[in-house]
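Chemist: Show me the folded form of this:
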Amino acid sequence: MNWIIRSIKSLEFHTNLREVLKPIWQDLNEYEWVLADLDFMTDDEIPIHFDEDYFILNRDEFNVIYQSRTQLIWGLISAVPRNTPLDFNLISNLSVEVQDTFTADQYLIKESYLEITALDSSYTIIKFKDEKLSNKFKEYFQDEAIDLQEFHKKKI
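Modeler: As a prediction, the model looks like this:
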């Protein structure tokens, strides 16, 4: 239930959230979004910037990013159930450069329902706790979604 995309055949650019979340977006109405350790490029006005370590966005705020042409070059995007207590000290110090990023079923934010990691415009990792969503994602991306555990065995 953990995938990595390194080929961009079906993506206009890596970690384009509109494309990455397209097959499952309608299933993610009940979540807040945590974004941390970010680097991105956009020409649009979006509710994130470089002056903060992290952002907690509601569905409408996150939808602005989802609808934009924002390339997430680096960072963590996590869907957490609404009103979930979070450890903001942990979140403000998150780094996607840790080994757990490439380890299947290891979430940087333990409360995550799903986690997306953008790595240097080269890899997009997506981890699911819901098998149904994972299957929809894999069905949509087919061979472009590589099993993270298999990738990890070959590359690390």
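Chemist: so where's the protein uncertain?
Modeler: With pLDDT under 70 as the threshold, the chain has low-confidence stretches at 8-11, 155-156.
Chemist: ok, for the residue most central in space within it, nearest residue in space, not its chain neighbours?
Modeler: Centroid-nearest residue in the chain, with CA atoms, centre = their mean: I116, separated by 1.7 Å. Spatial nearest neighbour of I116, chain neighbours left out: I77 (4.2 Å); criterion: CB to CB, 6 or more residues apart in numbering. C-beta here means a position set from N, CA and C on the backbone, and glycine is covered the same way.
Chemist: Wait, that neighbour touches S112, no?
Modeler: No. Judged on CB atoms under 8 Å, I77 makes no contact with S112 at a distance of 9.6 Å.
Chemist: the more surrounded of those two?
Modeler: A side-by-side neighbour count of I77 and S112, using other CB atoms under 10 Å, places I77 first with 26 against 21.
Chemist: quick revisit: so what sits against both of I77 and S112?
Modeler: V34 (CB atoms under 8 Å, 6 or more residues apart in numbering).
Chemist: Can you name the secondary structure element that comes next after the top helix by length along the chain?
Modeler: Longest helix in the chain by number of residues, with DSSP state H as the criterion: helix 131-141. The first helix or strand that comes after helix 131-141 along the chain, using DSSP states H and E, is strand 146-147.
Chemist: Who does that next one pair with, and is each partner parallel or antiparallel?
Modeler: Taking DSSP bridges as the criterion, strand 146-147 forms sheet pairs with strand 2-5 (antiparallel).
Chemist: Can you tell me what sits against the strand it pairs with?
Modeler: Strand 2-5 is contacted from outside by 11, 14, 20, 104-105, 123-128, 134, 137-138, 141, 144-149, 151, using CB under 8 Å, 6+ apart.
Chemist: Find the nearest non-adjacent residue to F62, please.
Modeler: Among residues not flanking F62 along the chain, W33 sits closest, at 4.1 Å (CB to CB, 6+ apart).
Chemist: Oh, that last question was meant for E30, not what I typed.
Modeler: Distances taken as CB to CB, 6+ apart place R82 nearest to E30, at 6.1 Å, with adjacent residues excluded.
Chemist: Y31 too?
Modeler: Counting by CB to CB, 6+ apart, the nearest residue to Y31 once its immediate chain neighbours are dropped is A79, at 4.0 Å.
Chemist: And what about that neighbour, helix, strand or coil?
Modeler: Assigned by DSSP: H, G, I helix; E, B strand; the rest coil, the conformation of A79 is strand.
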